[in-house]
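Chemist: Give me a 3D structure for the following:
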Amino acid sequence: MAYEVAAPKYVRLAQTIQGRIEDGTYPPGTRVPSENQLVQAFGMSRPTVVRALELLKRDGWLESRQGYGTIVRGRPEVVEQKDRRGREALERDESRASGRLVEVGEVPVPVRVASALGLPKRAKVLMRRFLVEADGEPVELVSSYFPAGLVEGTELESSEALSGSVREHMEARKKVRFDHVTERVSARLPGSGEAELLGLPDGVPVLSVLVIACDASGQALQVSDVLLPADRQELEDTYRLS
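Modeler: So this is what the prediction gives:
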């Protein structure tokens, strides 16, 4: 049975404030209402209001100015696509990132990953699984897969968090060079272990971003399956028409 999952309250509030910026209700250069005023106006809790404002600041609609409060910047001139999950997966410093390494070990290669790596279906690969957290809550589960030939001579098999990014580590240890990334987005229901790590109730789907990182020849060096709870995501891209 098809169904829709409502966006979180803070996302809906951010969308409302963004709409008021676009229609001129909150003109660029002016202060947005205070947190107290927004709490009263929308009947939402202070944490919800704070998260909505932080989201708008992150995306470039608002900015904080010392002594002035939160100021409207207006629509960013160019809104680049935010969800560069591939770059984040490659460049995340496990030792500094908000989250934890939850699993490292040799596993049978998943079918989609085998195809991307050019491996037979029953091959074994190394998997590093990292749970990304924000404000103490799980927001993203990243399972990265590496062919055996690229694991030897690295610390990828270590159960300790890597210092520095996987990309830096592999380029230094294996003398490879990452050149480009392909991302394939699909939706599916998570496995029981995935749902438990992400704190998802039964029946809530995830967005799966399959990140294929290649060298200049097109050879895949690493494949990451980035799982995002579908009830907490909104994908948006703004681009110019020629």
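Chemist: Tell me which residue lies farthest from the centre of this protein.
Modeler: Residue farthest from the centre of the chain, counting by CA atoms, centre = their mean, is G67 at 32.6 Å.
Chemist: who touches the residue nearest in space to the middle of the chain in this structure?
Modeler: Central residue of the chain (CA atoms, centre = their mean): R85, 5.3 Å from the mean position. By CB atoms under 8 Å, 6 or more residues apart in numbering, the contact set of R85 is 183, 209, 211, 224, 226, 228. C-beta coordinates here come from the backbone N, C-alpha and C atoms, glycine included.
Chemist: switch to 6 Å and redo it
Modeler: Contact partners of R85, counting by CB atoms under 6 Å, 6 or more residues apart in numbering, are 209, 211, 226.
Chemist: Please narrow those residues to those residing in strands.
Modeler: Counted as lying in strands by DSSP state E, out of the contacts of R85, are 209, 211, 226.
Chemist: Now a PyMOL select for only the buried ones of those residues.
Modeler: Of the ones in strands among the contacts of R85, the buried ones can be selected in PyMOL as follows, counting by 16 or more other CB atoms under 10 Å:
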select buried, resi 209+211+226
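Chemist: Save the ones in strands among the contacts of R85 as CSV, and put in distance to E140 too.
Modeler: Shown next, in CSV, are the ones in strands among the contacts of R85 (distance: CB to CB, whole Å):
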residue, distance to E140
V209, 9
V211, 12
V226, 6
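Chemist: Spell out the residue ranges of the strands in the protein.
Modeler: 62-65, 69-72, 99-108, 124-134, 137-146, 180-188, 206-214, 220-229.
Chemist: Paired strands for the fourth one, with orientation please.
Modeler: When pairs are called by DSSP bridges, strand 124-134 turns out to pair with strand 99-108 (antiparallel), strand 137-146 (antiparallel).
Chemist: same check, this time on the first one
Modeler: Under the criterion DSSP bridges, strand 62-65 sits next to strand 69-72 (antiparallel) in its sheet.
Chemist: what about dumping the CA coordinates of the strand it pairs with to CSV?
Modeler: Only the C-alpha atoms of strand 69-72 are listed here, as CSV (Å, rounded to 0.1, in the frame of the first residue of the first chain):
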residue,chain,number,x,y,z
GLY,A,69,20.6,38.5,15.6
THR,A,70,19.6,36.4,12.7
ILE,A,71,19.5,38.3,9.4
VAL,A,72,17.8,37.4,6.1
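Chemist: Distance of A134 relative to Y145?
Modeler: Note on A134: its distance to Y145, by CB to CB, to the nearest Å, is 24 Å.
Chemist: ugh, typo on my part, it should be L189
Modeler: L189 is 20 Å from Y145, where distance means CB to CB.
Chemist: These two: which is more packed in?
Modeler: The neighbour comparison of L189 against Y145 (other CB atoms under 10 Å) goes to Y145, with 23 against 14.
Chemist: ok, the more buried one touching V125?
Modeler: Yes - using CB atoms under 6 Å, Y145 is in contact with V125, at 4.7 Å.
Chemist: According to the record, where do the domains of the protein fall?
Modeler: Taking automatic domain parsing as the reference, the chain has its domains at 9-72, 85-231.
Chemist: Would you format those as JSON lines with mean pLDDT included?
Modeler: Output for the domains of the chain, formatted as JSON lines (pLDDT from 0 to 100):
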{"stretch": "domain 9-72", "mean pLDDT": "87"}
{"stretch": "domain 85-231", "mean pLDDT": "91"}
